[in-house]
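> got a structure for you, letters missing:
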Ligand code: SF4
Ligand code: SF4
């Protein structure tokens, strides 16, 4: 899922300077899970904007906001409420903001959230980054621990040597990814994987923008 965090209130109000009426859009999936773009957050944002003298012409939670066809359907069904707004404030990830821009033509769409990372939901309110979408997954060799994401230096061929008490030399609060990989491979009796030399990464596979047709 995509992990987001609400921008500072002053930043949001700064973006909305000059816009009197605003339509609010949240997302029923990731942003709801992150408590950044669900029902409560839209109500809170509406109250904040109204306290600042702005008018909320409406609010909606798309399921999800990054689904262009659904955004277009929503835009068609709610054209009057949207038409009456000077701008749309999206409580969604950056992809949601852009899908709303593509699906609701001719309206300024502003991001109320900062998009942080692709994350794993650990438990209520706790998310952790485990993948940076590198375009060439190699974690078959490390038994499902990603050294690109988890190692501070993104090392592919074992530890840097700076680890102390199993912690990373860059951040002593964090586990050394290569110690984690070693321990997991040891338990699974696959330590020979540590001896396999990984080739340099092909950064062209991480080119932007990507497009996939299935
Ligand atoms: S190697 Fe790591 S960053 Fe790349 S796709 Fe696999 S999990 Fe994601
Ligand atoms: S101590 Fe471990 S996690 Fe930290 S940079 Fe070195 S190998 Fe990577």
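Alright, I've got the coordinates. What you see is a predicted model; the values in this text were computed from it and never measured. Ligands and ions are numbered 1, 2, ... in the order given.

> which stretches of the chain form strands?
2-6, 21-27, 55-62, 87-91, 108-111, 113-123, 126-129 (DSSP state E).

> Buried residues in the lowest-mean-pLDDT helix or strand in the chain, which are they?
Lowest on mean pLDDT, DSSP states H and E among the helices and strands of the chain sits helix 79-83, with a mean of 92. Buried residues in helix 79-83, counted by 16 or more other CB atoms under 10 Å: residue 82. Glycine gets a C-beta too; all of them are placed from N, C-alpha and C.

> what's in contact with it?
By CB atoms under 8 Å, 6 or more residues apart in numbering, the residues outside helix 79-83 that reach it are 23, 57, 58, 75, 88, 104, 107.

> Likewise for stretch 92-109?
2, 4, 19, 25-27, 30-31, 37, 62, 64-68, 70-72, 74-75, 82, 85-88, 90, 110-111, 113, 115.

> That stretch: which residues count as buried?
Buried, per 16+ other CB under 10 Å, within stretch 92-109: 92-93, 96-101, 103-104, 107-109.

> and that stretch, what's its mean pLDDT?
Computed over stretch 92-109, the mean pLDDT rounds to 97.

> Any idea how far apart the tips of it sit?
11 Å (CA to CA, to the nearest Å).

> Same question for stretch 207-214.
Note: stretch 207-214 ends 19 Å apart using CA to CA.

> outside of it, which residues touch it?
Against stretch 207-214 from outside (CB under 8 Å, 6+ apart): residue 135.

> what helices or strands is the top helix by length along the chain leaning on?
Longest helix in the chain by number of residues (criterion: DSSP state H): helix 39-51. Helix 39-51 sits against strand 21-27, strand 55-62, strand 87-91, with contacts defined as 3 or more CB pairs under 8 Å, 6 or more residues apart in numbering; DSSP states H and E.

> what's the spacing between residue 72 and residue 195?
Distance of residue 72 to residue 195, given as CB to CB, to the nearest Å: 53 Å.

> Which one of the two is surrounded by more residues?
residue 72 (15 against 8; other CB atoms under 10 Å).

> now the more buried one: how far from residue 110?
Applying CB to CB to residue 72 and residue 110 gives a distance of 20 Å.
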